[in-house]
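**Q** model the structure of this input:
(chains A, B and C)
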Amino acid sequence: MKLKTALLGAACAFAFAPAAFAERGADGHVNVLYWQAPSTLNPYLSSGTKDVETSSLVLEGLAGFNEKGEVIARLAESVPTVENGGVAADLTSITWKLQPGLLWSDGTPVTSADAKFTWEYCTHPEGGCAQAARYEGVTAVETPDELTIVVKFAAPKPNPYMAFVGGTSPLLQAAQFANCLGAAASTCTDQNFMPIGTGPFVVKEFKTNDTVSLEANPNYRDPAKPAFATMTVKGGGDAEAAARAVMETGEFDYAWNTQINPELQAAMAGGGKGVFLNGFGTLVERIEMNMTDPSADLAEGERSTTKHPHPILSDIKVRTALSMAIDRQVLVDVGYGAAGRPTCNLVPAPEMFADTTNTGCLTQDIEGAKALLEEAGWVAGADGIREKDGKKLHLLYQTSTNPVRQDFQALVKGWWEEIGVSVELKNIDASVFFGGDAGSPDTFQKFYADVEMYANNFDGTDPEPYLAQYMCDKIPGPENQWQGENINRFCDPAYDALVKEMSATADLAKRSELAKTMNGMLTRDTMTVVPLVDRGRLSAASVTLGGVVLNTWDTELWNAQDWFRVK
Amino acid sequence: MTDTAALDKPESQLAAVWRQFRQHKGAVFGLCVLGLLVAFVLLGPYLWQAEELKVSEALKVKNKPPSLRFPLGTDQLGRDMLDRMMSAGQVSLAVGFVAMLIAIFFGTFIGVMAGYFKRLDGPLMRLTDMFLALPLIPLLLVMVMLFRDRLAKVVGPEMGAFLLIVFAIGATSWMHAARIVRGEVLALKEREYVLAARSIGAPPRRIILRHILPNVVSPVMVAATLGIAEAIITESVLSFLGLGFPPDFPTWGRLLHDGLSYMQLYPERVIWPGLAISLTVLSVNYIGDGLRDALDPKARGR
Amino acid sequence: MLTYTLRRLLLAIPTLLLISLVIFLLVDLAPGSPASEIPLTVPPEVREKILEALGVNEPLHVRYLLWLKQFFWIEPLNGIDALFGTGFAEGMQRIISYQTRSPVFPLIAERLPQTLTVIGTAYLVGVMIALPIGIYSAYRQYSLFDQFGTMFAMIGFSVPTFFTGTVFIIVFGVWLGWFPTKYDTTLEVTDWASFLRQLRQMAMPVMVLGLANAAAISRYMRSSMLENMKQDYVRTARAKGMSERTVVLKHVLRNSLIPVVTIIALGIPSIFGGAIITENLFGVNGIGAALIGAIRGNDLPMVQTLAFIFAILIVSFNLIADVLYGLLDPRIRYD
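**A** Model prediction:
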């Protein structure tokens, strides 16, 4: 017993040793590679991951998320909850307390006025704030004293950790951005490229879409951190080149998003210069079924609209058969390796909302799929392709251009052909597919195809807005310039009722139950959305870099202050 | 003996060119290699049929090195590389040659017109400048958006994609040839023999066809050789961007591109398509060399 | 000649205006919108607001005229301000990039040095290799040297830079460890050591591009030399007892340069245009990488401005090539 305690103590001492003895800047320089380099360091002007993550080295929120998805305090003293009185019992306000004595990197004090300013900055009608969703429903930000921030909501907010929480809504310094409100945002180049923050690093030089040079923040709240005196964040190349620079040449200490094929992953990991880190969030690669008819024979403005139901896919038996024919484990092995796992859920995480019983789709069943199609009246024709009433079972399957997606298309096409479905493939440049240009026929919203594949996720830990995308009034169509989020054109009044119920429910257990029901309705029960792979993040870290913890709920650089050089 | 034969039946120009061409070793070699490549992609599929494998069976044989069962190995999804190389070659060779011909035709036509007729020089060269200045990718995106669906409706998606790609590559790569040909023609038209032809009242059409065109053959041949390589590579970029053929339609350029990330582990994945493209270009180059010599009356005399 | 040059210069103005209009329309017509850069997690209402703040929704002619004014009036004024510390352009709206929400010209200026250094060197290296190879190959047609030269050129031309670049990275970066695989744009050459570092990091991109350039130029050089070697004047020159050196390097070379000059002149604007794939692969992040990044993100002002700058360069270098034709071959007359 005693020995065990002693060992544990020793282990703890060892684990904390670098932190305990560290001194700010003692470990020299660290090289980070973001192959898509940041365009700006103001996350309110760009919502790209690359921009948000890099800026999180400099700018911080009141709180953030740890690698388990739990809210942790950053600039705040503690996380307000209903239990500790920080969140009002009726969920209409949240009160944050700043840590006393906090300084911006220029040496001026951080006050509640900065938070109020940040809210005003992002909600200015002409600013086009990229993170406006984080401040949705906030009616006022009050500052009773220098350290207290009260955020008021228009209606009860079951998830109050939106504004000022996480890398996507950090605090800006009011003094620096005072002249940058609204349309003036783009005249503030210096401010946007070199924001003054409270984070562990300060921007020394910013080269757009290329290199960010940073140095340790002299006023960082923990005097022993960060261990690195300087940092470079470099951009350029692709995921493969990035992985190579860490795992094979050792030029870089950390590389973001090194999604490469599993065989190369294994070969590179064998080199011993670095390790791949993976973590799972909410990103799900899925096949979406079009519930409406995309036929080119229909008039423009009627294609893929609710006026015409899909002639083949309206039948749930066909949709189920298509899902049954897919072997998800094979997809993972071919495409993602350690960075993926098969899933049947649209909401695969956080644990509380993920339906662990929904696993029916994980086993492939070609014979079962064939039987289902027979049952639905689709019988094999002379050429092996099934037909019904003289109509061939032919599907157009589109996705964006990306080597993994093209491999998936080839595999899925193979399986579907085995069950007698003829498949035509199409790939579209990502900037067009996701561009949402109402003039282009090739956007994923227009969905001029029978099925399409892409990945989507939700921000933070609350799936409510994500599930609300499948309401009837969010169907894209010519009347809303194809801007809806209900890509499948799924419409069920019972589902809409559940969404309404969830928005009025504060009880977490009940919310979880509702989310699971809705998740089941979209996937298992109707096969409208066919989830394939739960995609994690895969990044590479050098073995000489210590303290790295991959976090999928906040930015990957969330704990850069704890990084150190392994000696 | 030969003298009398030549007198009896004067050799036709075409036969003379062929006779000269045959003497060029490199050209004959190039012609043979190209012939073999064409036979490989056209007749090969009749001689070699890939096994029809189910997805699950194919995955068991993925990334195999060359063997008797798979002469060129298999790719990451267990597809037979020999089969893919053959069908890819059909597309790549067709695209390469047709796009090159379009580009060379437009380039030579515009170059000769601009160089010979002073009045056309300004407008045509400004047009060339404009095409050179246009950003390629947006141009292609616009072309694809405007014409793909319309073409697909008339001739089917695959033929539509072929026509679109060939035309897109041709329409965006004639400018170099045009500039070069024009430069040559500007110099040629002041030569004595052209002046002489003009002074005896030969019409421009005749002067261009008989005196100018044969003399610009050599830069045009180079442009053509380089054009084929460029067309094959450009096609792969287009398909990669999703502007070209459907994703299950292999081409040499695409096989090369896809093989790139497996290069370290399975080098043969890039060697086959790389070799095929290089051989095509090399053989066309030698044929071009031979043709140029054969078409040159002075060289023929020697 | 002078009047011809002046006339061409004057003609360049309407030409460029027309090109600018075509570029603007083309880039605008292309499918895709800056919204593709916004993650799917951002709700449509917010998306709309972002696009509105960028000014995407203004009518086309308004945006075009504004852009013209900005390009020809406000940006030059800003240039004057930056040079002389004056304040002419104060309060005027500059061309703003969608991606960075900052003026376009400083971004271009930031990227020009590395593009000029790397791509310029590669071009120079390419030309320096190509001309001797082309000349000697032609002089000794079908010799062993010529065969090797042909082989080298054809392989250089038929394998794309994305391929050679990756091979070089694996061989020289990973296996041999000679050169860094990523170009450090913040490196300043101040002493011998930093100069060596600069040379090492330039080595791979310069090799890749130099090879591709040399391949094409050497073919044109060779074919043009061959053409001229057979001309009567060469025989005459030889008959007059001139040394081989004078015949080849003075008479034949000079007359063979016309197509080569065209190709080199056409290539120079592309130095400023950078090399999209190579720059991206090695992290040189010059103009080429900026252009492809802007096209992918549908950063219309950036694409339009860059494309138009290329247009100006192309028009000017073609003019220079035309003037050079006249100098190389006095028989060419434009008047």
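
**Q** ok, now which ones touch the closest residue to chain A within chain C?
**A** Nearest to chain A, among the residues of chain C, is C:Ala53, at 2.3 Å (C-beta to the nearest C-beta). For glycine as for every other residue, the C-beta is placed from the backbone atoms N, C-alpha and C. Contacts of C:Ala53 were listed using C-beta atoms under 8 Å, 6 or more residues apart in numbering or on different chains, and they are A:Glu126, A:Gly127, A:Gly128, A:Ala183, A:Ala185.

**Q** of those residues, closest to chain C?
**A** Lowest distance from chain C to the contacts of C:Ala53 (C-beta to the nearest C-beta) belongs to A:Gly128, with 2.3 Å.

**Q** count the residues that sit near the closest one.
**A** Residues lying near A:Gly128 (other C-beta atoms under 10 Å in any protein chain shown) number 24.

**Q** nearest residue to it in space, ignoring adjacent ones along the chain?
**A** The shortest distance from A:Gly128 to any non-neighbouring residue, by C-beta to C-beta, 6 or more residues apart in numbering or on different chains, is to C:Ala53 (2.3 Å).

**Q** repeat for B:Arg191
**A** C:Arg331 (7.5 Å).

**Q** hang on, isn't the one you found packed against B:Lys189?
**A** No: with contact defined as C-beta atoms under 8 Å, C:Arg331 does not reach B:Lys189; the gap is 9.2 Å.

**Q** so which of the two has more stuff around it?
**A** B:Lys189 (22 against 13).

**Q** quick check on that one: phi, psi?
**A** The phi/psi pair for B:Lys189 (degrees, to the nearest 10) reads phi -70, psi -10.

**Q** and the nearest residue to it once chain neighbours are set aside, what is it in contact with?
**A** In space, and not counting its chain neighbours, B:Lys189 is closest to B:Tyr116: 5.9 Å by C-beta to C-beta, 6+ apart. By C-beta under 8 Å, 6+ apart, the contact list for B:Tyr116 reads B:Val185, B:Lys189, B:Pro204, B:Ile207, B:Ile208, B:Ile212.

**Q** figure out the helix or strand that the first one lives in.
**A** Translated: B:Val185. B:Val185 belongs to helix B:175-188 when assigned by DSSP states H and E.

**Q** and the residue of the stretch 151-300 of chain C that's closest to chain B?
**A** C:Ser158 (4.1 Å).

**Q** and residue 220, how many residues sit next to it?
**A** Going with chain A. A:Tyr220, neighbours per other C-beta under 10 Å, totals 21.

**Q** correction: the question concerned chain B.
**A** With other C-beta under 10 Å as criterion, B:Val220 counts 22.

**Q** and it, what helix or strand is that in?
**A** Using DSSP H and E, B:Val220 falls in helix B:213-241.

**Q** do that helix and chain C meet at all?
**A** Yes: remark: helix B:213-241 sits within contact range of chain C at B:Ser218, B:Pro219, B:Met221, B:Val222, B:Thr225, B:Leu226, B:Ala229, B:Ile232, B:Ile233, B:Ser236, by C-beta under 8 Å from any C-beta of the partner chain.

**Q** wait, what's in contact with the fifth one?
**A** For B:Thr225, the contact set (C-beta under 8 Å, 6+ apart) comprises B:Val281, B:Val284, B:Asn285, B:Gly288, C:Met154, C:Arg219.

**Q** so how far is A:Asn488 from it?
**A** 51 Å (C-beta to C-beta, to the nearest Å).

**Q** likewise for A:Thr198?
**A** 43 Å.

**Q** got it, and C:Val260?
**A** 59 Å.

**Q** for the two, indicate the residue with more neighbours.
**A** C:Val260 (26 against 22).

**Q** doesn't the more buried one lie inside a helix?
**A** Yes: looking at C:Val260 with DSSP: H, G, I helix; E, B strand; the rest coil, it is inside a helix.

**Q** what does the stretch 51-200 of chain C put close to chain B?
**A** Going by C-beta under 8 Å from any C-beta, the residues of the stretch 51-200 of chain C near chain B are C:142, C:150-151, C:154-155, C:157-160, C:162-163, C:166-167, C:170.

**Q** now, of those residues, which are buried?
**A** Listed as buried from these are C:Thr150, C:Met154, C:Ile155, C:Phe157, C:Ser158, C:Val159, C:Pro160, C:Phe162, C:Phe163, C:Thr166, C:Val167, C:Ile170; burial here means 16 or more other C-beta atoms under 10 Å in any protein chain shown.
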